[in-house]
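In: Structure, please.
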Amino acid sequence: MPTLIEIRDAHKRYGEQSLLDGASCTLGDEAKVGFIGRNGCGKSTLCRVLLGEEELDSGEVSFHPRLRLGYLRQHDPFEPGETVLGFLLRDSRQPEWRCGEVAGQFDIKGSRLEGPVDVLSGGWQTRLKLAALLLHDPNLLVLDEPTNFLDLRTQIMLERFLRNFRGGCLIVSHDRAFLKATCDHTLELSRGKLSMFPGDVDVYLEQQRERRQHDERVNAATATKRRQLERFIAKNRAGANTASQARSKTKQLDRLELIDVDGPESEVRMRVPEVEPRKGTALRCTGMSIGYENLTVAEGIDLEIEHGARVALVGDNGQGKTTFLRSVVNSLPLLAGVARWGHGCQLGCYAQHVYTGLPEDWTIEEYLQRAAAAGTTHQMVLNVAGNFLFSGDTVNKKIKVLSGGERARLCLAGILLGRHTVLVLDEPGNHLDVESVDALADALIGYQGTILFTSHDRHFMHRVATGVIEVRDGRVVNYLGDYDSYVYRVNKEIEDGQRELAKSKSAGKPAAAQVDRKQQNRRRQSLRKEISNLERKIARLDESRRDLNEQLMSSTDAAEAAKLHEQVTEVAGELQTLEDRWLELQEEQ
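Out: Take a look at the predicted model:
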């Protein structure tokens with residue numbers, strides 16, 4: 001495997017903090033490397049060094065002459081008013097048919113390909129950046145937290161892209177599910193050193209734990225042996241008959257060495273509020289519509305959440321997950337209907353609009369003291385602050401000087417000092433590293449209250465969620481399945497779309513770019529009209545199928561259940577026919 005980048009004895013400091021301290025590693029042209037490490041350890045700094053945006057204090061980075069480095073840009077490289085196709089043509093200088101072909105791999109086609117960039121959501125803009133990246137034909141990709149704020153569908157498409165990419169990757173991410181799905185090597189930056197492991201992140205972390213436990217057991221046995229020898233030597237070295245034995249034991253003692261075991265780095269140890277388990281309904285939504293003054297995001301919402309449930313809110317970006325959360329906690333007024341929490345529910349809310357609005361002039365300690373429940377001692381507050389990496393003089397820092405990640409941790413710490421029976425959490429894992437996300441999952445699993453949450457971290461969702469609510473196409477409903485079945489369904493939808501794309505490619509359509517523009521526009525308008533009609537029919541049938549499924553699930557009569565099952569099968573058949581036609585029309589756009 002040719003080496004594309006070699007890092008040798010790299011050193012980098014910021015003030016008193018040493019980020020790189022003699023770090024060395026190599027990156028090959030085919031290895032998919034997951035790059036992990038604690039927040040603030042220097043991962044992003046090293047990426048900037050590789051991109052030429054920063055320099056090392058000392059050491060060397062060597063690049064292969066044939067290296068073509070690609071970087072997934074976090075900023076927006078688009079020009080005002082630019083169309084999607086126009087951006088790809090400008091950025092890549094590739095022919096139109098090639099831009100359209102690559103964009104199609106990310107489901108960017110039809111009206112999206114021809115339309116303006118500024119109407120695309122963040123997830124779709126990420127897809128566009130990936131298409132532009134691929135058009136430059138890189139052989140090594142550097143991606144810094146590529147899954148932040150991406151919905152599940154876009155994450156899966158990104159995974160497929162990376163697995164099929166014929167080149168190397170260096171991926172910084174706290175999402176263990178994403179790293180496991182895309183990377184065959186793990187690179188850790190810890191205490192200024194780089195360690196490369198030929199395996200995925202789960203295997204690496206497990207091996208690290210086992211190695212530390214083994215070394216600690218060996219050290220414990222060695223320490224016991226040392227004490228035994230020391231007692232024997234002290235007892236027998238003065239005796240004429242035993243002095244020689246004591247000298248022999250002294251030599252044996254000198255040969256005993258302890259294994260150098262690095263203690264674990266400072267870590268977050270999270271504990272959720274201790275509450276009494278309750279039964280019954282925690283939240284009941286009836287005839288609810290949510291949205292804004294001139295925009296209804298979802299309507300007709302009727303659902304219940306039971307006490308003790310840990311419910312994951314799922315759906316593509318832009319469908320209304322955050323709008324729903326803000327509505328049920330009265331941060332956003334309802335357009336219609338009622339959202340009623342059960343008697344005695346005490347809500348603790350964590351969301352971006354919460355931790356960006358923290359009181360700027362308060363110190364960390366002041367904020368936690370005021371957030372803590374009555375009876376919480378000062379020492380307990382300091383202990384929780386330390387668990388969230390605010391220790392020593394750090395607790396006297398003003399909130400206005402904290403980074404986004406520090407504010408996020410502070411807000412979580414404040415919630416966990418309260419006495420909340422319900423936790424409403426919008427992306428609680430953002431700004432937390434791999435170990436901290438796992439610690440949060442462990443804490444929430446042991447929580448006796450009710451949790452309603454969103455997350456783009458599949459490992460976290462899989463561990464925590466006991467129920468699923470889906471936000472899709474203007475509806476918010478209980479999903480009849482667990483989180484794994486939801487992921488499976490999204491995967492299948494993407495696979496079906498890619499199969500259709502492969503069929504159209506095999507038919508050979510590059511010459512379509514030469515067809516008269518006016519004819520294309522007329523054809524496209526006709527297709528859009530038919531697609532719109534199909535979508536309305538599919539929505540009606542899908543609603544009918546859901547209603548029938550709900551009746552079937554609650555039916556206790558065998559004859560009625562059989563009849564309902566036949567109706568469900570009939571509706572499913574009609575849906576399949578319409579969806580097949582919808583996919584055909586999508587490919588023709």
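In: Helices of the stretch 401-550 of the chain, residue ranges please.
Out: Using DSSP state H, counting those that start in this stretch, the helices found in the stretch 401-550 of the chain span residues 404-416, 434-445, 458-464, 483-506, 517-554.
In: Export the ones you listed as TSV, with columns for distance to residue 57 and mean neighbour count.
Out: In short, each C-beta sits where N, CA and C put it, glycine included. Shown next, in TSV, are the helices of the stretch 401-550 of the chain (distance: least, C-beta to C-beta, whole Å; neighbours: other C-beta atoms under 10 Å):
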stretch	distance to residue 57	mean neighbour count
helix 404-416	25	22
helix 434-445	27	20
helix 458-464	35	22
helix 483-506	44	14
helix 517-554	57	13
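In: out of these, nearest to residue 196?
Out: Of all the helices of the stretch 401-550 of the chain, it is helix 434-445 that lies closest to residue 196, at 16.7 Å by C-beta to C-beta.
In: Check which helices and strands that closest one sits against.
Out: helix 176-182, helix 404-416, helix 458-464 (3 or more C-beta pairs under 8 Å, 6 or more residues apart in numbering; DSSP states H and E).
In: Can you tell me how far the residue nearest to residue 545 when sequence neighbours are not counted is from residue 297?
Out: In space, and not counting its chain neighbours, residue 545 is closest to residue 571: 4.7 Å by C-beta to C-beta, 6 or more residues apart in numbering. The gap separating residue 571 from residue 297 is 26 Å, by C-beta to C-beta, to the nearest Å.
In: average pLDDT across the helix or strand hosting the residue nearest to residue 545?
Out: Element membership of residue 571, judged by DSSP states H and E, is helix 558-588. Averaged over helix 558-588, pLDDT sits at 72.
In: Same question for stretch 278-292.
Out: Throughout stretch 278-292, pLDDT has a mean value of 93.
In: buried residues in that stretch?
Out: 278, 282, 283, 285, 288, 289, 290, 291 (16 or more other C-beta atoms under 10 Å).
In: Give me the contacts around it.
Out: Stretch 278-292 is contacted from outside by 296-309, 320, 323-324, 327-328, 332, 334-342, 344-345, 421-422, 449-450, 452, 476, using C-beta atoms under 8 Å, 6 or more residues apart in numbering.
In: now with 6 Å?
Out: With contacts defined as C-beta atoms under 6 Å, 6 or more residues apart in numbering, stretch 278-292 is touched by 296-299, 301-305, 307, 323-324, 327, 334-342, 450.
In: just stretch 44-64 next, same as before
Out: 4-13, 19, 71, 142, 144.
In: Kindly provide the distance from the most centrally placed residue in the chain to residue 391.
Out: For the chain, the residue nearest the mean C-alpha position is residue 457 (3.0 Å; C-alpha atoms, centre = their mean). Applying C-beta to C-beta, the value for residue 457 to residue 391 is 26 Å.
In: which residues touch residue 100?
Out: By C-beta under 6 Å, 6+ apart, residue 100 has no neighbours at all.
In: so how far is whichever strand or helix holds it from its chain's centroid?
Out: Assigned by DSSP H and E, residue 100 falls within helix 96-104. In terms of C-alpha atoms, centre = their mean, to the nearest Å, the centre of helix 96-104 is found 29 Å from the chain centre.
In: how about it as PDB, C-alpha atoms only?
Out: Output of helix 96-104 as PDB, limited to C-alpha atoms (Å, rounded to 0.1, in the frame of the first residue of the first chain):
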ATOM      1  CA  GLU A  96     -22.500  18.900 -18.000                       C
ATOM      2  CA  TRP A  97     -23.300  15.200 -18.500                       C
ATOM      3  CA  ARG A  98     -20.500  14.200 -16.100                       C
ATOM      4  CA  CYS A  99     -21.700  16.700 -13.500                       C
ATOM      5  CA  GLY A 100     -25.200  15.300 -13.800                       C
ATOM      6  CA  GLU A 101     -24.000  11.700 -13.600                       C
ATOM      7  CA  VAL A 102     -22.000  12.300 -10.400                       C
ATOM      8  CA  ALA A 103     -24.800  14.400  -8.800                       C
ATOM      9  CA  GLY A 104     -27.200  11.500  -9.500                       C
END
